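> requesting a structural model of the entry that follows:
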Amino acid sequence: MEPDPAIAELQAAIEPLLHTHPQGITEMALMDRLEAAGHPLFDREARGEPAALYRAHFLLFHALYHLRPALAEAGLGLEIHCLCIRLYPLAGPTHGDGTLIEADPLAAFYLDPQNLEGMDNAAVERLIADGLCRALGEGDRAEDLAELGLPPGARRAEIRRRYRRLAMRHHPDRGGDTATLQRINDAYQRLMAR
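Here you go, the predicted structure:
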C-alpha cells in the first residue's frame, strides 16, 4: 500500500537527513531538522502539547515504516527507535522483496492510521500510563498496596503520603536499602498509573 502524498513528501525529506547522520539521529533531533526544513507538523512549540507530540511522533514513525521497504530494496536497513534512527547495510536473510525476514512488531501499529484517530491530550496520557504499567509490570493492586503497607481500599492521597514516608525512610542516603526503595518506587508508580 502506497502512503498518501503528504507521507511520501515527508519520506523524501527524511531519507537525505538519515544519509547525513550515519551514526543515527534521535527522534527529537530528526523532528527539529524537519521543522528547520519547513515541515509545520514538527513545530517545536506545538509539540509541547501531548496530542500534538503524539501526532508528530506517529506520523514520523508511519513515514519511516513506509520508507523501510524501499530502503531494503536498495540494500539498506532502517533502525527505528526514538533514541536512534539510522540506516545500515543489510546483511542476512531477506524476503524476495528485499525486506528482512525478522518482523518488527511495532510496524503494524505505526502503519495503521487508525492508531492516530481520536488521540487528544487525555487519550495520549492514558496511552502513556498504560505503557508505564506494562513497562513496570502489571502487578496486582493488592500486592502493590501491601508493599507500601496499605489496606486494599487505600485512596491516592493516602498512597502518596505513605510512599513519601517510606521513600525517605528507605533512601540509601539515609541508611536505607536500594532494593527496598526500588520495590517501593515500582509499586507506587504502578498504583499511580492506574
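
> all contacts plus neighbour counts: C-alpha atoms, from now on.
Noted.

> which other helices and strands contact the longest helix seen in the chain?
Longest among the helix segments of the chain by residue count, using DSSP state H, is helix 50-73. For helix 50-73, the elements it packs on are helix 5-19, strand 76-81, helix 105-111, helix 121-136, judged by 3 or more C-alpha pairs under 8 Å, 6 or more residues apart in numbering; DSSP states H and E.

> after the shortest one, which helix or strand is next?
The reference is to strand 76-81. Toward the C-terminal end, the helix or strand that comes next after strand 76-81 (DSSP states H and E) is strand 84-89.

> how far off helix 5-19 does that next one point, in degrees?
Going by axes from the mean of the first three to the mean of the last three C-alpha atoms, to 10 degrees, strand 84-89 is angled at 70 degrees with respect to helix 5-19.

> return the set of buried residues in strand 84-89.
The neighbour-count criterion (16 or more other C-alpha atoms under 10 Å) identifies C84, I85, R86, L87, Y88 as the buried residues of strand 84-89.

> for it, what is the distance to the chain centroid?
Between the centre of strand 84-89 and the centre of its chain there are 18 Å (C-alpha atoms, centre = their mean, to the nearest Å).

> tell me the mean pLDDT over it?
When pLDDT is averaged along strand 84-89, the result is 94.

> OK, contacts around the closest residue to L67 other than its chain neighbours?
Distances taken as C-alpha to C-alpha, 6 or more residues apart in numbering put Q11 closest to L67, at 6.4 Å, once the chain neighbours are dropped. If you count contacts by C-alpha atoms under 8 Å, 6 or more residues apart in numbering, Q11 has them with A63, L64, L67.

> any figure for the gap between Q11 and A56?
Distance, Q11 to A56, using C-alpha to C-alpha, to the nearest Å: 14 Å.
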